[in-house]
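Trainee: what's the 3D shape of this:
(2 chains)
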Amino acid sequence: MINKVADSIAQALANIPDQATIMIGGFGTAGIPDELIEGLIASLSDSAVQGLTLVNNNAGNGDSGIAALLRTGRVRKIICSFPRQADSYVFDELYRSGKLELELVPQGNLSERIRAAGAGVGAFFSPTGYGTELAKNADGSPKETREINGRMYVLEYPIHADVALIKAEKGDRWGNLTYRKSARNFGPSMAMAAQRTVASVHEVVDLGALDPEVIVTPGIFVTHVVKVPRVATQAGGFKKEA
Amino acid sequence: MAYIRRTKDQMAARVAQDMPEGAYVNLGIGMPTLVANHLPAGLEIILHSENGILGMGPAPAAGEEDFDLINAGKQPVTLMPGGSYFHHTDSFAMMRGGHLDICVLGAFQVSEHGDLANWHTGEPGAIPAVGGAMDLAIGAKQTWVMMDLLTKQGQSKVVRECSYPLTGLACVKRIYTDLATLAVTPQGLQLVDCVDGLSHAELEQLVGLTIQA
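Mentor: Next comes the predicted model:
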């Protein structure tokens, strides 16, 4: 019998590999798997794992969640589209002091590169970023470009991950998932792109209880499902209106 | 003769006036979000948010906020009847795939060829952050810019060549400002309208470029 429902977060996040690439869902505060990030920090504290690469749209805010993960010193690099937030001071300090490498990627390219990894696409040509500073490699060399039907494109490679941490709403023991409102964001693409996908859910339901027409992430993309208490998502990461 | 600058809300109303029935529209963070308050009553204009919403509605009443339902600026919003949720990769496919009719963005500079600079000042020590700006700029069928025409120092933000890092090449079709509305055409800048009391010659002098009447 397949049972992807993990007994605990610790079980689902045991044995994170050294130098792992870890995807974390969420946009702003919606869809951030807070409990899984806390579990990851706990798992790291019991190990000597170093040199992690994080993939997230943002780079944390305040002192908890991704900001706390960055503060462990185990993260070498972050791949994201929008690190700067009203209260992203943990990232800001690490980045300015040269302790954290940043690969800045336009948001749609980021999302498509993640999807491409999950879909087995070797690379793809994107019009986004052509002619800009973000059409360069880390060493400053230009990325490969091509004219296709009169339009210019930049060659973009997939982003694979060892682990993806995502927040869903409901799940079953096969790993089928539904999401809640705009908390869906990167979850479905990240779930496809990782060797090990761990999804937190607020409700574990019996097999067959999820309407097959509304399952967003089929269980084939999911390794572990962990139930966490339902806590209302809090505000954060934006400037108050002046 | 003296002229009076359009306020932010007047600029937003001016942009909204050009939105056709049935348009799928993305409003960028900052000033463009004001356009939502001025959409013509009686028209169905569908707002897109990059984080996976079509049919985005206004801010909820105090106490009704749901932070699983936020806009690109991370602020709580609502969903209109007929609205839908989808994941990020589909959301950006709506842009890159040419499905979105109009996006309205703020800008540091726009060149007379429609090059856009709006993501990074390039100043040393500034932390770069791009978000969806580059995807929006080149993805929507029409990219409109909404900004003050002049910097606080009085320099035109409509320029021959952008000096700030580019967001996209030749992607801006219209520039809505506090003094005038300009169209970017293959033949160069063209005047659409300008505030009362500002002559064409004075506008050209402020911008320092040729603007066709």
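Trainee: Helices of chain A, residue ranges please.
Mentor: A:9-12, A:34-45, A:66-71, A:89-96, A:107-119, A:187-193 (DSSP state H).
Trainee: and the last one with chain B, contact?
Mentor: Going back to what we said before, that points to helix A:187-193. Yes - contact of helix A:187-193 with chain B (Cβ under 8 Å from any Cβ of the partner chain) involves A:Gly187, A:Pro188, A:Ser189. (Glycine included, C-beta is placed from N, CA and C.)
Trainee: what does that helix contact?
Mentor: Outside helix A:187-193, the residues that touch it by Cβ atoms under 8 Å, 6 or more residues apart in numbering or on different chains are A:23-25, A:31, A:55, A:111, A:114-115, A:117-119, A:158-161, A:164, A:166-168, A:177, A:179, A:197, A:199, A:216-217, A:221-222, B:87-89.
Trainee: Of those residues, which belong to strands?
Mentor: Taking DSSP state E, the ones among these that sit in strands are A:Met23, A:Ile24, A:Val55, A:Ala161, A:Ala164, A:Ile166, A:Lys167, A:Leu177, A:Thr197, A:Ala199.
Trainee: Of those, which is the nearest to B:Glu204?
Mentor: A:Val55 (48.1 Å; Cβ to Cβ).
Trainee: Bridged to that closest one, which residues?
Mentor: Here A:Val55 sits in beta bridges with A:Met23, A:Ile79, going by DSSP bridges.
Trainee: Equivalent analysis for B:Gln109, please.
Mentor: B:Ala117.
Trainee: Highest mean neighbour count out of the helices of chain A?
Mentor: Neighbour counts (mean count of other Cβ atoms under 10 Å in any protein chain shown) averaged over each of the helices of chain A peak at helix A:187-193, with a mean of 28.
Trainee: how about the CA coordinates for it, as PDB?
Mentor: Output of helix A:187-193 as PDB, limited to C-alpha atoms (Å, rounded to 0.1, in the frame of the first residue of the first chain):
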ATOM      1  CA  GLY A 187       4.000  24.800  -5.700                       C
ATOM      2  CA  PRO A 188       3.000  22.800  -8.800                       C
ATOM      3  CA  SER A 189       6.100  23.600 -10.800                       C
ATOM      4  CA  MET A 190       8.500  23.000  -7.900                       C
ATOM      5  CA  ALA A 191       6.800  19.700  -7.100                       C
ATOM      6  CA  MET A 192       7.800  18.500 -10.500                       C
ATOM      7  CA  ALA A 193      11.400  19.600 -10.400                       C
END
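Trainee: what distance separates it from the middle of the whole chain?
Mentor: 8 Å (Cα atoms, centre = their mean, to the nearest Å).
Trainee: how many other residues sit next to B:Pro58?
Mentor: 11 (other Cβ atoms under 10 Å in any protein chain shown).
Trainee: Spatially nearest residue to it (excluding sequence neighbours)?
Mentor: Among residues not flanking B:Pro58 along the chain, B:Thr78 sits closest, at 6.2 Å (Cβ to Cβ, 6 or more residues apart in numbering or on different chains).
Trainee: surely the one you found meets B:Glu65?
Mentor: No - assessed by Cβ atoms under 8 Å, B:Thr78 is found out of contact with B:Glu65, at 9.7 Å.
Trainee: just to revisit the earlier point, report the buried members of the ones in strands among the contacts of helix A:187-193.
Mentor: When those are checked for burial by 16 or more other Cβ atoms under 10 Å in any protein chain shown, the buried set is A:Met23, A:Ile24, A:Val55, A:Ala161, A:Ala164, A:Ile166, A:Lys167, A:Leu177, A:Thr197, A:Ala199.
Trainee: Name the nearest of those residues relative to chain B.
Mentor: Set against chain B, the nearest of those by Cβ to the nearest Cβ is A:Lys167 (9.4 Å).
Trainee: Name the nearest residue to the closest one, sequence neighbours excluded.
Mentor: Closest to A:Lys167 by Cβ to Cβ, 6+ apart is A:Pro33, at 4.0 Å.
Trainee: And the pLDDT for that neighbour?
Mentor: With respect to pLDDT, A:Pro33 has a value of 97.
Trainee: who's in contact with it?
Mentor: Contacts of A:Pro33 by Cβ under 8 Å, 6+ apart are A:Ile24, A:Gly25, A:Gly26, A:Leu165, A:Ile166, A:Lys167, A:Val198, A:Ala199, A:Ser200.
Trainee: ok, how many other residues are close to A:Gly26?
Mentor: A:Gly26: 28 neighbours (other Cβ under 10 Å).
Trainee: wait, doesn't it sit right on A:Ala168?
Mentor: No - judged on Cβ under 8 Å, A:Gly26 makes no contact with A:Ala168 at a distance of 11.9 Å.
Trainee: For chain B, what's the nearest residue on chain A?
Mentor: Closest point on chain A to chain B, by Cβ to the nearest Cβ, is A:Gly108, at 3.1 Å.
Trainee: Could you pull up the residues touching that residue?
Mentor: A:Ser126, A:Thr128, B:Phe92, B:Met95, B:Arg96, B:Gly132, B:Met134, B:Asp135, B:Gly139.
Trainee: neighbour-wise, which of those residues leads?
Mentor: Busiest of those [other Cβ under 10 Å] is B:Asp135, holding 34 neighbours.
Trainee: Give me the nearest residue to it, chain neighbours excluded.
Mentor: B:Asp135's closest residue in space is A:Gly108 (Cβ to Cβ, 6+ apart), at 3.4 Å.
Trainee: if I look at that neighbour, how far off is A:Arg173?
Mentor: Remark: distance between A:Gly108 and A:Arg173 (Cβ to Cβ, to the nearest Å) = 34 Å.
Trainee: B:Asp135 is in contact with A:Pro106, correct?
Mentor: Yes - using Cβ under 8 Å, A:Pro106 is in contact with B:Asp135, at 5.4 Å.
Trainee: Show me the common contact partners of those two, please.
Mentor: With Cβ under 8 Å, 6+ apart as the test, A:Pro106 and B:Asp135 both reach A:Thr128.
Trainee: what are the phi and psi values for the residue lying farthest from the centre of chain A?
Mentor: The centre of chain A is farthest from one residue, A:Gly150, which by Cα atoms, centre = their mean lies 34.2 Å away. Phi and psi for A:Gly150, reported as degrees, to the nearest 10, are phi 80, psi 0.
Trainee: Tell me the confidence at it?
Mentor: A:Gly150 is given a pLDDT of 97.
Trainee: swap in A:Arg84?
Mentor: For A:Arg84, the predicted pLDDT is 88.
Trainee: Give me the spatial nearest neighbour of it, chain neighbours excluded.
Mentor: That would be B:Ala129: by Cβ to Cβ, 6+ apart, it lies 4.0 Å from A:Arg84.
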